[in-house]
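Enquirer: only geometry, no sequence info:
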Ligand code: TRP
């Protein structure tokens, strides 16, 4: 039997090329695993409960992003968390035996409380404290063996393992302990050299046209000491170079030419634009097909149905084990 994977993303806005390596990793995992990919709209509310956002629109948008990069509904269940209510029931049941101290010591808890607190968000809420437990329910309800996530999520997977162990010990052995699959995520800066983030307006969107890519690449910060084209360049301080390292197969050659003052910034940016465009062009094409009327909605409906079947089976076992 194929091993199972679950992963999720919050619907907080359309994706950019900083998210691409994570998605490409998911696409590759589809070959080997039975995959569940959740748009975790309830999680978005744990921090954005005051914001006037349309979770429905944002969820559809992120589903389109996933489909356009090659997540295939024939292979993977793509669904919206809130359409599989069993996640909420399992979260509630888990809350009965999960010590509060387990949640308080999750490192992201205190960090984010402070960080987002400084931005004016009051996260002293029940939901925010409990969201790693909701995440444990997301994972365990599919009996996922592995969870592809970034490094920052490792404590959450560890909590899921502890919750699984505690359940299996208190009641019956229902849950396998999930492993974190830590993807290598190259850290791409935004075009201005800061962290890539939509709120800084320094991203390249997954949907960017050739012209938009060119515009963003021209904004990229280059070596400030390089004034004339034939000055020797310093790729290690150049944002353009960081992108070449990912998008340009012969990055070694241009690095040498840059250092030797033989490859100017204008040509270098033009070359990068072409290489990024080559990656994004097929995604744009696929997106057009998925944008046709009703297609995404159908994928999400069918994805939720498939997810619900698996989730319902687990919940039958859970209810029985707990004496319902
Ligand atoms: N907490 C994750 C994040 O903020 C999102 C998430 C929710 C998730 N449920 C999940 C990730 C289950 C992996 C598996 O990025």
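Expert: Yes, it's here. Bear in mind the structure is a predicted one, so any value in this text is a computation, not a measurement.
Enquirer: is it true that residue 147 lies in a strand?
Expert: Yes. Read with DSSP: H, G, I helix; E, B strand; the rest coil, residue 147 is one of the residues of a strand.
Enquirer: so it sits right up against residue 6, yeah?
Expert: Yes. Assessed by Cβ atoms under 8 Å, residue 147 is found in contact with residue 6 at 6.0 Å. All C-beta atoms are positioned from the backbone trio N, CA, C, and that covers glycine.
Enquirer: which residues do those two both contact?
Expert: Any residue near both residue 147 and residue 6 by Cβ atoms under 8 Å, 6 or more residues apart in numbering counts here, and that gives 139, 178.
Enquirer: Now residue 232: closest residue in space, sequence neighbours ignored.
Expert: Sequence neighbours aside, residue 261 is the residue nearest to residue 232 in space, at 4.6 Å (criterion: Cβ to Cβ, 6 or more residues apart in numbering).
Enquirer: Equivalent analysis for residue 226, please.
Expert: On the basis of Cβ to Cβ, 6+ apart, the spatially nearest residue to residue 226 that is not a chain neighbour turns out to be residue 233, at 4.9 Å.
Enquirer: That neighbour against residue 262, yeah?
Expert: No. Counting by Cβ under 8 Å, no contact exists between residue 233 and residue 262, whose distance comes to 9.5 Å.
Enquirer: and the two? which has more neighbours close in?
Expert: The residue with more neighbours, out of residue 233 and residue 262 and counting by other Cβ atoms under 10 Å, is residue 233; that gives 27 against 14.
Enquirer: Can you tell me the SS state at the closest residue to the ligand within the chain?
Expert: Each residue of the chain has a distance to the ligand, by Cβ to the nearest ligand atom, and the smallest belongs to residue 8, at 3.4 Å. Recorded secondary structure, residue 8: strand (three-state DSSP).
Enquirer: repeat for the one 3 residues further on
Expert: Taken by three-state DSSP, the conformation at residue 11 corresponds to coil.
Enquirer: list the contacts for it?
Expert: The neighbourhood of residue 11, defined by Cβ under 8 Å, 6+ apart, consists of 39-41, 44, 55, 58-59, 61-62.
Enquirer: could you measure it against residue 42, distance?
Expert: Here residue 11 is placed at a distance of 10 Å from residue 42 (Cβ to Cβ, to the nearest Å).
Enquirer: same deal with residue 318?
Expert: Note on residue 318: its distance to residue 42, by Cβ to Cβ, is 19 Å.
Enquirer: Between those two, point out the one with more neighbours.
Expert: For residue 318 versus residue 42, the count of surrounding residues by other Cβ under 10 Å is larger for residue 318: 22 against 19.
Enquirer: Against which helices or strands is the strand or helix carrying the more buried one packed?
Expert: Counting by DSSP states H and E, the element that carries residue 318 is helix 295-321. Helices and strands touching helix 295-321, by 3 or more Cβ pairs under 8 Å, 6 or more residues apart in numbering; DSSP states H and E, are strand 34-39, helix 55-69, strand 76-80, helix 86-97, helix 265-290.
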